[in-house]
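Trainee: Need coordinates for the following:
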Amino acid sequence: RLFADFVAATGGAGTMATVTADVVSGERRTLPLPPASTTAVVDGGYEVQMSGAPAVGPDLPVRFTVRRGGAPVADLEPYLGSMGHLVVLRAADLAYVHAHPSGGTGGPGVVPLGVQFPSAGSYRLFLQFQHEGVVRTAEFTVTL
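Mentor: Purely as a prediction, here's the structure:
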């Protein structure tokens, strides 16, 4: 499935829209999700810790702390105008959520987000962050 997020040239942050399209025909084969975990290890020696209580509901706070060598990464860089991007996919039907940081930075290496999980189920989360000019992706599994 292809997802395209966009904002009209005359719009603001509240006018983002997403268009989806299935680009492969035929039977969809699914693989089991990795076990649920609140920690992801990312190439380059990064460890990302997820905290908060993901649950069904609007804009619930979830925080991601990026560490390298055990210390918070204090100099995360903006990527596409934000200190982090979170894509959430529901395993059952690939329902899609895109979240951006909510308010300040939350401290060195912290990316605070307000995430809306639409229903109970298993989800795959992909947090993108940039450091030293490289965009990296931390992956998590959450079951609600």
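Trainee: what are the pairing partners of the lengthiest strand in the chain, and which direction each?
Mentor: Ordering each strand of the chain by length in residues (DSSP state E) puts strand 57-68 first. Here strand 57-68 is paired, per DSSP bridges, with strand 46-52 (antiparallel), strand 71-72 (antiparallel), strand 110-117 (antiparallel).
Trainee: burial measure for the closest residue to residue 49 other than its chain neighbours, as a count.
Mentor: Closest residue in space to residue 49, ignoring its immediate chain neighbours: residue 65 at 4.7 Å, by C-beta to C-beta, 6 or more residues apart in numbering. In this view, the C-beta of every residue, glycine as well, is placed from N, C-alpha and C. Neighbour count of residue 65, defined by other C-beta atoms under 10 Å: 19.
Trainee: What of residue 78?
Mentor: Other residues close to residue 78 by other C-beta under 10 Å number 10.
Trainee: Figure out the length between the terminal residues of stretch 65-81.
Mentor: One end of stretch 65-81 sits 19 Å from the other (C-alpha to C-alpha, to the nearest Å).
Trainee: Show me the one of the strands paired with strand 57-68 that comes nearest residue 83.
Mentor: strand 110-117 (5.6 Å; C-beta to C-beta).
Trainee: Give the rounded mean pLDDT of the closest one.
Mentor: Averaging pLDDT along strand 110-117 yields 91.
Trainee: worst-scoring helix or strand of the protein, pLDDT-wise?
Mentor: With mean pLDDT, DSSP states H and E as the measure, the helix or strand of the chain carrying the lowest mean pLDDT is strand 2-6 (a mean of 66).
Trainee: Now for the residue nearest to residue 49: which residues touch it?
Mentor: 48-49, 51, 72, 109-111 (C-beta atoms under 8 Å, 6 or more residues apart in numbering).
Trainee: Show me what it is bridged to.
Mentor: residue 49, residue 110.
Trainee: what's the answer for residue 117, then?
Mentor: residue 56, residue 57.
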